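Visitor: fold the following.
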Amino acid sequence: MIDTDENLDERREIRMDKVDEAARAVAALLPFPAPLEADMGGTFTFQIDLGCRGGQDDPHDMVGIDPDYEPLVWMIDINGGEYQITAPHDLDTDPATVAQWITEHARAARCPAATTQR
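Guide: Next up is the predicted model:
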């Protein structure tokens with residue numbers, strides 16, 4: 001099969017939908033409040049907001065999967081991507097396993113959301 005722009009766009013849409021579903025499932029399992037945010041300036045998928053370290057206009061710590069890069073792995077971006085933690089987990093990893101990994105690493109990195117409880 002020859003990849004056309006239409007085929008590539010369709011495959012990207014499917015990946016984006018899967019990333020959104022995974023983000024919803026993982027966020028629901030975190031032991032701290034972490035809202036979903038639509039990244040409308042980059043990946044165009046849901047990311048899990050782990051809070052802001054500074055003022056209102058400062059970047060947030062976020063976690064998600066970038067659907068445009070292989071492999072499709074989970075990443076925590078600290079302070080707007082100043083520092084990044086890449087998970088050994090991909091899109092198909094059980095959400096409970098990913099939530100546990102995020103909890104461990106977000107607390108170790110002192111992400112603001114991870115310092116609270118639901």
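
Visitor: ok now stretch 38-56, how far from the chain's centre?
Guide: Its chain's C-alpha centre and that of stretch 38-56 lie 9 Å apart, by C-alpha atoms, centre = their mean, to the nearest Å.

Visitor: next one: stretch 51-63
Guide: That offset, for stretch 51-63, works out to 14 Å (C-alpha atoms, centre = their mean).

Visitor: measure it end to end?
Guide: Length of stretch 51-63, first residue to last, C-alpha to C-alpha, to the nearest Å: 10 Å.

Visitor: likewise stretch 31-39?
Guide: Taking C-alpha to C-alpha, stretch 31-39 runs 23 Å from one end to the other.

Visitor: kindly report the same for stretch 48-58.
Guide: Length of stretch 48-58, first residue to last, C-alpha to C-alpha: 16 Å.

Visitor: which of the residues in it are classified as buried?
Guide: Buried residues in stretch 48-58, counted by 16 or more other C-beta atoms under 10 Å: 48-53. (C-beta placed from N, C-alpha, C; glycine too.)

Visitor: stretch 78-98 too?
Guide: 78-79, 85, 87, 89, 91, 93, 95, 98.
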